[in-house]
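Colleague: Sequence and predicted structure below; questions after.
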Amino acid sequence: MFRVITIEREFGCGAPHIASQLAQTLGWKLWDHLLTEEIARIANVDPSAVKRCDERMDSRLHRLAKTFWRGSYERSAALGTQIFDTDRMMSMMQEIMNHVAREGNAVIVGRGGPYFLREHAEAYHVFLYAPRSEKIRRTMAEGHSQHEAEEMVDSIDRERAAYIKHYFNADWPTRSLYHLMVNTAVGNAPVIQTILDTMHLVEGKPKATDYEPVGVPVVSN
């Protein structure tokens with residue numbers, strides 16, 4: 001029986017609203033902003049620090065600075081206790097994802113969920129996408145200008161692809177991970193119904209995957 005749904009998505013396809021409505025329909029907990037708050041609580045940092053690391057790699061300048069600081073034991077210790085970055089967040093994520101999966105009745109949005117839980121038998125993995133024009137339309141409907149929407153749609157997915165490549169040694173999206181991939185241009189309600197119907201149809205059946213990650217996650221030393 002599936003007790004967890006992971007939602008991976010292209011930016012602007014409406015995934016946050018779809019995941020929220022899906023969780024409400026099932027009566028499950030939504031791990032989206034809540035996941036950010038949980039990471040912040042465990043790391044003892046402000047949620048804004050977690051948001052800055054959300055599905056994007058640290059800047060090249062930051063990585064160069066980390067390499068420099070690690071030249072000294074004392075500086076390395078100070079860095080580890082004071083700096084919250086994507087590497088630190090990723091070192092925590094497997095345990096957090098396992099905890100959420102054990103608790104069950106959860107809809108997880110992004111954050112590498114299908115990669116961390118790729119072997120979890122009770123996890124159902126969904127990828128949501130949409131045509132670029134639809135993603136721009138949805139982003140503009142949230143109050144952004146057309147120029148802002150175009151820039152966000154193009155740049156955020158590039159950051160996500162780089163993040164997945166770096167930390168999971170995989171292309172994004174890794175199609176073999178997903179039970180279902182849905183075009184959200186058909187509308188939120190049909191997407192939610194398709195997820196629920198298909199989940200019940202494939203429940204209990206094995207899902208073959210040829211994705212073999214090299215170290216999950218790959219965190220810099």
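Modeller: Great, that's in hand.
Colleague: Packing partners of the strand or helix carrying residue 30?
Modeller: Residue 30 is part of strand 29-31 when elements are defined by DSSP states H and E. Here strand 29-31 touches helix 15-26, strand 106-109, going by 3 or more Cβ pairs under 8 Å, 6 or more residues apart in numbering; DSSP states H and E. Any C-beta I mention is one placed from the backbone N, CA and C, and that applies to glycine too.
Colleague: residue contacts, the residue nearest the centre of the chain?
Modeller: What sits nearest the mean C-alpha location of the chain, by Cα atoms, centre = their mean, is residue 110, with 1.9 Å. Under the criterion of Cβ atoms under 8 Å, 6 or more residues apart in numbering, the neighbours of residue 110 are 7, 8, 9, 15, 32, 54, 55, 160.
Colleague: Please apply the same query to residue 111.
Modeller: Counting by Cβ under 8 Å, 6+ apart, residue 111 has contacts 35, 54, 55, 93, 97.
Colleague: swap the cut-off to 10 Å and go again
Modeller: 6, 8, 31-32, 35-36, 39, 50, 54-55, 89-90, 93, 96-97, 100, 163 (Cβ atoms under 10 Å, 6 or more residues apart in numbering).
Colleague: Then residue 126?
Modeller: Counting by Cβ under 10 Å, 6+ apart, residue 126 touches 5-9, 15, 18-19, 22, 107, 113-114, 178-182, 191, 194-195, 198-199.
Colleague: which secondary structure elements does the helix ranked longest in the chain contact?
Modeller: Selection of the longest helix in the chain by residue count, based on DSSP state H, yields helix 146-168. If you count contacts as 3 or more Cβ pairs under 10 Å, 6 or more residues apart in numbering; DSSP states H and E, helix 146-168 packs onto strand 4-9, helix 86-103, helix 113-116, helix 132-141.
Colleague: Convert the C-alpha atoms of the first one to PDB, please.
Modeller: Same thing as strand 4-9. Extracted in PDB, the C-alpha atoms of strand 4-9 (Å, rounded to 0.1, in the frame of the first residue of the first chain):
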ATOM      1  CA  VAL A   4       3.800   8.400   0.500                       C
ATOM      2  CA  ILE A   5       3.600  10.400  -2.700                       C
ATOM      3  CA  THR A   6       6.600  12.300  -4.000                       C
ATOM      4  CA  ILE A   7       5.900  15.200  -6.400                       C
ATOM      5  CA  GLU A   8       8.800  16.300  -8.600                       C
ATOM      6  CA  ARG A   9       8.000  19.100 -11.000                       C
END
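Colleague: Just want the angle from that strand to helix 132-141.
Modeller: On the basis of axes from the mean of the first three to the mean of the last three Cα atoms, to 10 degrees, strand 4-9 is oriented at 100 degrees to helix 132-141.
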